[in-house]
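Enquirer: Output the structure for:
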Amino acid sequence: QVQLVESGGGLVQAGGSLRLSCAASTRTFGRLVVGWLRQAPGKEREFVGAMKWSGGSTSYADSVKGRFTIARDNAKDTVYLQMNSLKPEDTAVYYCAAGYSILIATTRWEYWGQGTQVTVSS
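Expert: Modelled structure (predicted):
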């Protein structure tokens, strides 16, 4: 069982930055993958990026590579999504999600945070 609590989000102008936080609570961190997905109005939910808790390897969607970075604070059991150079098309509800997998690509997102709105104005 994994509990995820998100914070952050809000309204920012294009070119600006925001940081989202996801605090994870679980007894088992081995093979845990924590990721970020987003859903814009009228669109399907899409993968943004993820990190393997053990080892810290990351994977990103092409649309955010070079602009978004996932980092982890082990002392706080928290994963962050740093979003720079934001674009209006980044506007969406962002969800923190988690699952257990050896590979990020095969992770089934079984646990979800409550979601947080990110709005980027042009």
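Enquirer: got the contact list for A23?
Expert: With contacts defined as CB atoms under 8 Å, 6 or more residues apart in numbering, A23 is in contact with L4, V5, S7, K76, D77, T78. Backbone N, C-alpha and C define where each C-beta goes, glycine included.
Enquirer: Mind doing that once more with 7 Å?
Expert: Counting by CB atoms under 7 Å, 6 or more residues apart in numbering, A23 touches V5, K76, D77, T78.
Enquirer: Residues in a beta bridge with the last one, which ones?
Expert: In this case it means T78. On the basis of DSSP bridges, T78 is bridged to A23, D73.
Enquirer: Let me know whether it touches R19 as I believe.
Expert: No - under the criterion of CB atoms under 7 Å, T78 makes no contact with R19, lying 10.9 Å away.
Enquirer: quick one on the thing from earlier: may I ask which of the contacts of A23 has the most neighbours?
Expert: Counting neighbours by other CB atoms under 10 Å, T78 leads these with 17 neighbours.
Enquirer: where's that one relative to D62, distance?
Expert: 26 Å (CB to CB, to the nearest Å).
Enquirer: Show me where this protein has its helices.
Expert: Counting by DSSP state H, the chain yields no residue ranges for helices.
Enquirer: Strands of that one, start to end?
Expert: 3-7, 10-13, 18-25, 32-39, 46-52, 58-60, 68-73, 78-83, 92-100, 111-112, 116-121 (DSSP state E).
Enquirer: Please state the mean pLDDT value computed over the fourth one.
Expert: Confidence over strand 32-39 (mean pLDDT, whole number) is 97.
Enquirer: now the shortest one
Expert: When pLDDT is averaged over strand 111-112, the result is 97.
Enquirer: That one packs against which elements?
Expert: strand 92-100 (3 or more CB pairs under 7 Å, 6 or more residues apart in numbering; DSSP states H and E).
Enquirer: And the contacts of the strand it packs on?
Expert: By CB under 7 Å, 6+ apart, strand 92-100 touches 2, 4, 6, 9, 20, 22, 24, 31-40, 107-113, 115-118.
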